[in-house]
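Student: Need a 3D model of the sequence below.
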Amino acid sequence: MSAVLITGGAGGIGRAIARRAAEAGWRPVTLDLRAPEDALPNEAYVACDFADLSGARGALAEAVARHAPTRLVNNVGIVKPAPLEEATVEDLATVMDVNLRSAVLAAQAVLPAMRDAGFGRIVNIASRAALGKELRTAYAASKAGLIGLTRTWALELAAQGITVNAIGPGPIATELFRRANPDNSPRTRAIVEGVPVKRLGTPEDVAHGCAFFLDDRAGFVTGQVIYVCGGLTVGLAPA
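Tutor: Below is the predicted model:
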């Protein structure tokens, strides 16, 4: 059974991606700080703290040794909201470690199995914040970095049958979003009102786009970013 390694797969967007992977007949291999609350068919779980470099390397090595995944979703992420004058280099380092360094480590870990198979799918979960968002110095930088990695790896790995693409979610109704954007905040209300489809996205919306990139039949699509944002980035995304 083909395995999909999903970082941060225990909740939110990552959980929806894991469910979609199971529906497609793949084995979800979930790496997260905590175990998922709901068990999926054939799912494997490996505890992992991506802020801990040594521990992350060990967890990835265990997951790869046991399951040899040929699909990877780099989803794990944290947000440290702050205006520029209050953003700390410590928070910047933590966000980069969890959001960006984790993607490099995971891709390096799965690459040998992908090369052996002559097939691979890597999907990086970026964000529409990569195009700019107030109070997101560290987060926006990390997500823009993921898009840069996507385009670079796509060029490096295409000839080996490995595609690399990214999803840029807009405002998605997850626990992470709610923590960073309280329901009673005028800024949060303005976000929702500014979405052309007039609602927040769901984790399942993102999982649907991710499933396309993970599919065997998506082999002629690489280095691309799909913004799953309800139209919020129309006119903002680079041509």
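
Student: ok, so what distance separates the closest residue to residue 25 other than its chain neighbours from residue 69?
Tutor: Residue nearest to residue 25 in three dimensions, not counting chain neighbours: residue 1, with 7.3 Å by Cβ to Cβ, 6 or more residues apart in numbering. Where C-beta positions appear, they are placed from N, C-alpha and C, glycine not excepted. According to Cβ to Cβ, to the nearest Å, residue 1 stands 11 Å off from residue 69.

Student: So the two - more neighbours on which side?
Tutor: The neighbour count for residue 1 versus residue 69, taken as other Cβ atoms under 10 Å, is higher for residue 69 (27 against 8).

Student: now residue 36, what's its secondary structure?
Tutor: Secondary structure, DSSP: H, G, I helix; E, B strand; the rest coil: residue 36 is coil.

Student: how close does the residue nearest to it when sequence neighbours are not counted sit to residue 64?
Tutor: Excluding the flanking residues, the one nearest residue 36 by Cβ to Cβ, 6+ apart is residue 10, at 4.5 Å. Distance, residue 10 to residue 64, by Cβ to Cβ: 19 Å.

Student: What's the first helix or strand after the host helix or strand of residue 123?
Tutor: Element membership of residue 123 [criterion: DSSP states H and E] is strand 120-125. Sequence order places helix 137-157 as the next helix or strand after strand 120-125, per DSSP H and E.

Student: Could I get the buried residue list for that next one?
Tutor: By 16 or more other Cβ atoms under 10 Å, the buried positions in helix 137-157 come out as 137-147, 149-151, 153-154, 157.

Student: And for stretch 73-90?
Tutor: For stretch 73-90, burial by neighbour count (16+ other Cβ under 10 Å) applies to 73-82, 87.

Student: Which strand or helix spans residue 102?
Tutor: Counting by DSSP H and E, residue 102 is found in helix 102-117.

Student: Buried residues in that helix, which are they?
Tutor: Per 16+ other Cβ under 10 Å, helix 102-117 contains these buried residues: 102-103, 105-107, 109-111, 113-114.

Student: Pull up the pairing partners for the longest strand anywhere in the chain, direction included.
Tutor: Counting residues, the longest strand found in the chain (DSSP state E) is strand 162-169. Next to strand 162-169 in the sheet, as set by DSSP bridges, lie strand 120-125 (parallel), strand 225-228 (parallel).
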